[in-house]
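Participant: coords below, sequence missing:
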């Protein structure tokens, strides 16, 4: 699979490359979900309802992942997620596509040091980023811009009847204009946002990209409007008490049921795009139950591939 830098440097992509870029986008968006879920599931006493912030971010990331799959299916591609190569082995030092991370991305409780990792993942593409040297890694924002440009220039045929994952946070892709609007949404809500790290561009909290939600928690201060600008000077935020957890070396593996449920969920999700199956919502809730139980027992959920064949 090509890197994000290779896609960005190619600029206008072929149809096959556009399909490859959207498959990479699926893996990129999915890679954030296990760390965010572990942080959410670690929450114990939560006076300021911080878990709700994590829930909102996870829901949007799941939406971005599903939308990338819907985009790929709409142009005749075949989303491929139900296999071991799709899954990351945390901790990782880079995001899928070759985006290096100074702070390793791992599965840890919701603490300030983990919020710093989340802010690193979601850092907005502030305009000066565009003027870095040619040796600097391509950004996620530039990657999504390349996909948008390709839809505009290639004008690929869209199959409005392609199999799609349709949930409250994702929708079917029906036109090229719809595809471009969808990619803009993914970009603005997440890692591709083009704002200052200290100043979101939106007029309402509901429009804030993930970076600003995490920075509020990291600074433990709400963003408030002061004149024409936003400022991290609002009410204090108390971070929740959390369950501590660590990887387990016990035998039999206490994460075995979790891993099998996780792997089957990916297999089932792939069949939504390839065979028109309905999303297995019950399995999503079962994964949450198993994950929370592990964390309450002090065990880190692994999010490892296990389809029962090994």
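Facilitator: That came through fine. Everything numeric in this text was worked out from a predicted model, so none of it was measured.
Participant: Just say helix, strand or coil for the residue lying closest to residue 280 once chain neighbours are set aside.
Facilitator: Leaving aside its sequence neighbours, residue 280 sits nearest to residue 268 (C-beta to C-beta, 6 or more residues apart in numbering; 4.3 Å). Every C-beta, even on glycine, is put in place using the N, C-alpha and C of the backbone. On the three-state scheme (DSSP: H, G, I helix; E, B strand; the rest coil), residue 268 is labelled helix.
Participant: Hmm, residue 268 is touching residue 283, no?
Facilitator: Yes: proximity of residue 268 to residue 283 meets the contact threshold set by C-beta atoms under 8 Å, at 6.3 Å.
Participant: Test my guess that residue 99 contacts residue 4.
Facilitator: Yes: using C-beta under 8 Å, residue 99 is in contact with residue 4, at 6.1 Å.
Participant: the more surrounded of these two?
Facilitator: Legend: neighbour count by other C-beta atoms under 10 Å for residue 99 and residue 4, higher for residue 4 (24 against 19).
Participant: For the lengthiest strand in the chain, which outside residues touch it?
Facilitator: Criterion DSSP state E: the longest strand present in the chain is strand 99-105. With C-beta atoms under 8 Å, 6 or more residues apart in numbering as the test, strand 99-105 has contacts from 4, 28, 31, 35, 90-95, 116-117, 120-121, 137, 139-140.
Participant: taking these one by one, which sit in helices?
Facilitator: Among those, the residues falling in helices (DSSP state H) are 4, 28, 31, 35, 116, 117, 120, 121, 140.
Participant: Which of those residues sits closest to residue 239?
Facilitator: residue 116 (12.8 Å; C-beta to C-beta).
Participant: Which residues are in contact with that closest one?
Facilitator: Going by C-beta under 8 Å, 6+ apart, residue 116 touches 103, 218.
Participant: Next one: it from residue 297, what distance?
Facilitator: 26 Å (C-beta to C-beta, to the nearest Å).
Participant: ok, the spatially closest residue to residue 86 that is not a sequence neighbour - contacts?
Facilitator: Once flanking residues are discounted, residue 86 sits nearest to residue 27: 6.1 Å by C-beta to C-beta, 6+ apart. For residue 27, the contacting residues are 81, 86, 96, 97, by C-beta under 8 Å, 6+ apart.
Participant: Could you report the pLDDT at the residue lying closest to the last one once chain neighbours are set aside?
Facilitator: What it means is residue 97. Nearest in space to residue 97, with sequence neighbours left out and distances taken as C-beta to C-beta, 6+ apart, is residue 4 at 3.7 Å. The per-residue pLDDT reported for residue 4 equals 94.
Participant: residues contacting residue 4?
Facilitator: 24, 28, 97, 98, 99, 137, 138, 139, 140, 142, 143 are the contacts of residue 4 under C-beta under 8 Å, 6+ apart.
Participant: Let me have the residues you listed in CSV, adding pLDDT and distance to residue 255 as columns.
Facilitator: What follows is those, written out as CSV (pLDDT from 0 to 100; distance: C-beta to C-beta, whole Å):
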residue, pLDDT, distance to residue 255
24, 97, 27
28, 95, 24
97, 94, 27
98, 93, 28
99, 91, 27
137, 57, 33
138, 75, 35
139, 85, 34
140, 88, 30
142, 89, 37
143, 92, 32
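Participant: In PyMOL, select just the buried ones from these.
Facilitator: In PyMOL, a selection of the buried entries from the contacts of residue 4 looks like this (16 or more other C-beta atoms under 10 Å):
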select buried, resi 24+28+97+99+137+138+139+140+142+143
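Participant: and which of the contacts of residue 4 is nearest to residue 309?
Facilitator: Distances from residue 309 to those, taken by C-beta to C-beta, are shortest for residue 24, at 25.9 Å.
Participant: Secondary structure element holding the closest one?
Facilitator: Counting by DSSP states H and E, the element that carries residue 24 is helix 15-31.
Participant: Any buried residues in that helix, and which?
Facilitator: Applying a neighbour-count criterion of 16+ other C-beta under 10 Å, one finds 17-31 buried in helix 15-31.
Participant: Please tell me which one of the contacts of residue 27 counts the most neighbours.
Facilitator: Busiest of the contacts of residue 27 [other C-beta under 10 Å] is residue 97, holding 23 neighbours.
Participant: Where does the prediction get shaky in the chain?
Facilitator: 125-137, 191-197, 201-203, 205-206, 310 (pLDDT under 70).
Participant: So which residue is smack in the middle of it?
Facilitator: The residue lying closest to the centre of the chain (C-alpha atoms, centre = their mean) is residue 29, at 3.4 Å.
Participant: wait, that residue sits on residue 71?
Facilitator: No: using C-beta under 8 Å, residue 29 makes no contact with residue 71, being 11.3 Å away.
Participant: Out of the contacts of residue 27, the closest to residue 50 would be?
Facilitator: Taking C-beta to C-beta as the measure, residue 50 lies nearest residue 96 of those, at 27.4 Å.
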